[in-house]
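In: here is a sequence together with a model predicted from it:
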There are 2 protein chains.
Amino acid sequence: MTDQPKRPLTLRDVSEASGVSEMTVSRVLRNRGDVSERTRERVLAAAKELGYVPNKIAGALASNRVNLVAVIIPSLKNMVFPEVLTGINEVLEDTELQAVVGVTDYLPEKEEKVLYEMLSWRPSGVIIAGLEHSDAARAMLNAAGIPVVEIMDTDGTPVDAMVGISHRRAGREMAKAILKAGYRRIGFLGTKMPLDHRARKRFEGFTEALAKEGVEIEDREFYSGGSALAKGREMTRAILERSPKLDFLYYSNDMIGAGGLLYLLEKGIDVPGQIGLAGFNGVELLQGLPKRLATMDACRLEIGRKAAEIITARLEEPPREVETQVILTPTISFGDTLKRG
Amino acid sequence: MTDQPKRPLTLRDVSEASGVSEMTVSRVLRNRGDVSERTRERVLAAAKELGYVPNKIAGALASNRVNLVAVIIPSLKNMVFPEVLTGINEVLEDTELQAVVGVTDYLPEKEEKVLYEMLSWRPSGVIIAGLEHSDAARAMLNAAGIPVVEIMDTDGTPVDAMVGISHRRAGREMAKAILKAGYRRIGFLGTKMPLDHRARKRFEGFTEALAKEGVEIEDREFYSGGSALAKGREMTRAILERSPKLDFLYYSNDMIGAGGLLYLLEKGIDVPGQIGLAGFNGVELLQGLPKRLATMDACRLEIGRKAAEIITARLEEPPREVETQVILTPTISFGDTLKRG
DNA sequence: ATGAAAGCGCTAACAT
DNA sequence: ATGTTAGCGCTTTCAT
């Protein structure tokens, strides 16, 4: 708790203050090798007294080890990603590793930049959302020589390992449940995000499964920006005005689905009798709505955990072999807005 | 795009591949000093061809410069913090600086640990939520010798700079508006989080302003964990069952307020006639509810921006002097759940 | 149990 | 416009 340190403290300062060589100080601070209890205490006391904070930059350079795991995700606003992070942290908390987050805003160029930036700090591993990356990004991931886990999506080929769900299948399963319940005049409401590959794949799986039964989406509505709940309301109004005969609305996420649900309930429309609804994700929010929206769990926590476990396993000495293609199965919740078939 | 690089590439590799000294390669890669166009191109080509990613660890050690800003926040689940981050990133995007996020889960010990961890990477600045820190944390912040901005709260004394709103005042203002509208039998609903100092201060300001008019909170209800929307519902039911004569419910955040609103509307209770409601934060979600919940904007984006601006100003050479005690004024939104006085 | 020497991959400062 | 030298603060390795 001394004052005005214009120059940050170094090991040497602790060494001088404690009368012990830098090397021994280093050993104490890292709990390495044998150090007598007496020396240990002296060093610890001196370090604390001075307020020494080790310089990991120097340490990393010397040891060629960096206890960071780069986690690259499209957004923090989606709640899905913070949950994945929670799963990752749960696992990393028991290790030396530390997650560092980078955000891409769904932009490939930004992903490339963020990845480059993070790799330049020589992390021990990378967890990155999605399987779609620019060639340059893929090359960097390959060249990094560290474990790479691509998460959230399994419809494609990973650079190294992958953990997620098949969004195509998620879309198909929901389509099947909807058809089985007897709905036939189906509308789709989603985000105007050509770069959200997972939403796109769900949509593709959905239409494909409908087509198999000779059903086509009758109308669709897209939005971008703004409050998802409000947009859900507005889009629902708009699509039903255009196509009043729709008997089911499939939303690309729970937030807009919730907005739609609130709108329909206000209008006094019978859900799921007259119109059925379903979203995607299983967000916690849904618990508090007047009716529980049908949805599909995206296994976010589990994805985070499994991804982190792959990283830690690979980093053990020697590397522990683990399953590197983890395909989780999302479960459908019928809630109160989708009749059971 | 070459293969199997067990050893990461170094400047030296690029130097050899391009037939130019390491120093010149370094200059090219950082756009420093004069380099002939011809050399420049040769170096860039070699670097790209090899897939070289600079080692920032070595660079930082040599230059004693780290373009990172440590951002320490309590949680990512609260949406408030991602928004602050957005503000920070907006400003940092135009600079060399990069935000790195650490999460404390509202735990002082974890804050201390995260801070220590981050400082050991020698960031160029720190942005940290709140004014309450352990002595050790405060000592570290002091000793770091870098700009430190404490955000969100201004009721207290910062280590260095601060940007935020007065939560005490926010509580007072809301109390005044409620009293002015004629409500007198007031219930409070909040989180069971003794460590959320900002919520605590709002509560203190609130009760203080009520007391000044001889009004006391008639009942209160606390929750922890779970879906805030569902909890808001449940708590509202519980408090009204106990105290059916309440005519106003003040929620410590918008999420539980929204749950309460949905509950009351379902029950057919006249809002704001029979019961008025207010929350805190101004979350985007509220836009989509059947009625707009009264709330108070926490100026999150602006806080992020201003904090980042203070950091960048201080880091200029020479440091640009800026206001370091920025107290923003939250505006009250009456929405549809609080009568105007 | 402790210390001394070398060097991690860069960049600052100084030549040329 | 380009190269040379020294050294950032640690850890590794090898002595003692």
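Out: The structure has been received and is ready for your questions. Bear in mind that the values here come from a model prediction, so they are computed numbers and not experimental data.

In: C-alpha only now, for contacts and for neighbours.
Out: OK.

In: which residues touch residue A:207?
Out: Contact analysis of residue A:207 by C-alpha atoms under 8 Å, 6 or more residues apart in numbering or on different chains lists A:171-172, A:175, A:216-217.

In: make that residue A:181, sorry
Out: By C-alpha under 8 Å, 6+ apart, the neighbours of residue A:181 are A:338-341.

In: one more: residue A:45?
Out: Per C-alpha under 8 Å, 6+ apart, neighbours of residue A:45: none.

In: helix or strand for it, which one?
Out: Here residue A:45 sits within helix A:37-50, counting by DSSP states H and E.

In: now residue A:190
Out: Taking DSSP H and E as the criterion, residue A:190 maps to strand A:186-191.

In: for that strand, packing partners?
Out: strand A:219-223, helix A:228-242, strand A:248-251 (3 or more C-alpha pairs under 8 Å, 6 or more residues apart in numbering or on different chains; DSSP states H and E).

In: and the longest one, how far out from the chain middle?
Out: I take that to be helix A:228-242. 28 Å (C-alpha atoms, centre = their mean, to the nearest Å).

In: same question, stretch A:231-243
Out: 30 Å.

In: okay, buried residues for it please.
Out: A:231-237, A:239, A:243 (16 or more other C-alpha atoms under 10 Å in any protein chain shown).

In: do that stretch and chain B meet?
Out: Yes. For stretch A:231-243 and chain B, the contact criterion (C-alpha under 8 Å from any C-alpha of the partner chain) is met by A:231-233.

In: now neighbour count too, for the contacts of residue A:207, in TSV please.
Out: Below are the contacts of residue A:207 laid out as TSV (neighbours: other C-alpha atoms under 10 Å in any protein chain shown):
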residue	neighbour count
A:171	26
A:172	22
A:175	26
A:216	17
A:217	18
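
In: those residues in strands, which ones?
Out: Secondary structure from DSSP state E places none of these in strands.

In: out of those, which is nearest to DNA strand C?
Out: residue A:171 (45.4 Å; C-alpha to the nearest atom of the strand).

In: so that closest one is in contact with residue A:200, correct?
Out: No. Residue A:171 sits out of contact with residue A:200 when judged by C-alpha atoms under 8 Å, with a separation of 9.6 Å.

In: which neighbouring elements make contact with the helix or strand where residue A:15 lies?
Out: Using DSSP H and E, residue A:15 falls within helix A:11-18. Packing partners of helix A:11-18 (3+ C-alpha pairs under 8 Å, 6+ apart): helix A:22-30, helix A:37-50.

In: ok, the nearest residue to residue A:310 once chain neighbours are set aside to DNA strand D distance?
Out: Distances taken as C-alpha to C-alpha, 6 or more residues apart in numbering or on different chains place residue A:322 nearest to residue A:310, at 6.6 Å, with adjacent residues excluded. Distance, residue A:322 to DNA strand D, using C-alpha to the nearest atom of the strand, to the nearest Å: 26 Å.

In: now do the helix or strand hosting residue A:201: distance to the chain's middle.
Out: In this assignment (DSSP H and E), residue A:201 forms part of helix A:197-212. In this view, helix A:197-212 has its centroid 21 Å away from the chain centroid, taken as C-alpha atoms, centre = their mean.

In: hmm, back to that, how about the helices and strands packed on strand A:186-191 in JSON lines, adding distance to residue A:333 and mean pLDDT?
Out: Converted to JSON lines, these look like this (distance: least, C-alpha to C-alpha, whole Å; pLDDT from 0 to 100):
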{"stretch": "strand A:219-223", "distance to residue A:333": "23", "mean pLDDT": "96"}
{"stretch": "helix A:228-242", "distance to residue A:333": "20", "mean pLDDT": "96"}
{"stretch": "strand A:248-251", "distance to residue A:333": "14", "mean pLDDT": "98"}
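
In: may I have the phi/psi pair for the residue nearest to residue A:310?
Out: phi -140, psi 160 (degrees, to the nearest 10).

In: and it, what is it in contact with?
Out: Residue A:322 neighbours (C-alpha under 8 Å, 6+ apart): A:310, A:313-314.

In: considering only those residues, which also neighbour DNA strand D?
Out: Among the contacts of residue A:322, no residue sits close to DNA strand D (C-alpha under 7 Å from any atom of the strand).

In: quick one: residue A:114 and residue A:102 touch, right?
Out: Yes. Shown here, residue A:114 and residue A:102 form a contact pair, counting by C-alpha under 8 Å, at 6.3 Å.

In: who has more neighbours, those two?
Out: residue A:102 (25 against 21; other C-alpha atoms under 10 Å in any protein chain shown).

In: what's the helix or strand hosting residue A:127 in contact with?
Out: Here residue A:127, judged by DSSP H and E, is contained in strand A:125-129. For strand A:125-129, the external contacting residues (C-alpha under 8 Å, 6+ apart) are A:68-74, A:146-153, A:307-308, A:311.

In: among the residues you listed, which are in strands?
Out: A:68-73, A:148-153.

In: that older thread, got the angle between the helix holding residue A:45 and helix A:22-30?
Out: In terms of direction (axes from the mean of the first three to the mean of the last three C-alpha atoms, to 10 degrees), helix A:37-50 departs from helix A:22-30 by 80 degrees.

In: okay, buried residues for helix A:37-50 please.
Out: Buried-residue list, helix A:37-50, by 16+ other C-alpha under 10 Å: A:39-40, A:42-44, A:46-47, A:50.

In: how about the contacts made by the spatially most central residue of chain A?
Out: The residue lying closest to the centre of chain A (C-alpha atoms, centre = their mean) is residue A:81, at 3.6 Å. When contacts are counted by C-alpha under 8 Å, 6+ apart, residue A:81 touches A:73, A:75, A:300.

In: got the contact list for residue A:255?
Out: Neighbours of residue A:255 in contact, by C-alpha under 8 Å, 6+ apart: A:228-229, A:232, A:279.

In: rerun at 6 Å
Out: A:228-229 (C-alpha atoms under 6 Å, 6 or more residues apart in numbering or on different chains).

In: give me every residue in chain A lying close to DNA strand C.
Out: So chain A meets DNA strand C at A:19-24, A:33-36, A:38-40, A:58, A:61-64 (C-alpha under 7 Å from any atom of the strand).

In: quick one: low-confidence residue ranges for chain A.
Out: A:1-6 (pLDDT under 70).

In: one more time with 50, if that's ok
Out: Counting by pLDDT under 50, chain A shows low-confidence ranges at A:1-4.

In: and the stretch 201-341 of chain A, which residues reach chain B?
Out: A:227, A:229-230, A:284-285, A:287-288 (C-alpha under 6 Å from any C-alpha of the partner chain).

In: okay if I get those residues as a markdown table plus neighbour count and distance to DNA strand D?
Out: A markdown table is the format used below for these (neighbours: other C-alpha atoms under 10 Å in any protein chain shown; distance: C-alpha to the nearest atom of the strand, whole Å):
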| residue | neighbour count | distance to DNA strand D |
| --- | --- | --- |
| A:227 | 17 | 48 |
| A:229 | 24 | 50 |
| A:230 | 24 | 52 |
| A:284 | 14 | 42 |
| A:285 | 18 | 45 |
| A:287 | 19 | 48 |
| A:288 | 23 | 50 |
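
In: point me to the residue of the stretch 101-250 of chain A nearest chain B.
Out: residue A:230 (3.7 Å; C-alpha to the nearest C-alpha).

In: close enough to count as contact, that residue and residue B:288?
Out: Yes. Between residue A:230 and residue B:288 there is a contact under C-alpha atoms under 6 Å: 3.7 Å.
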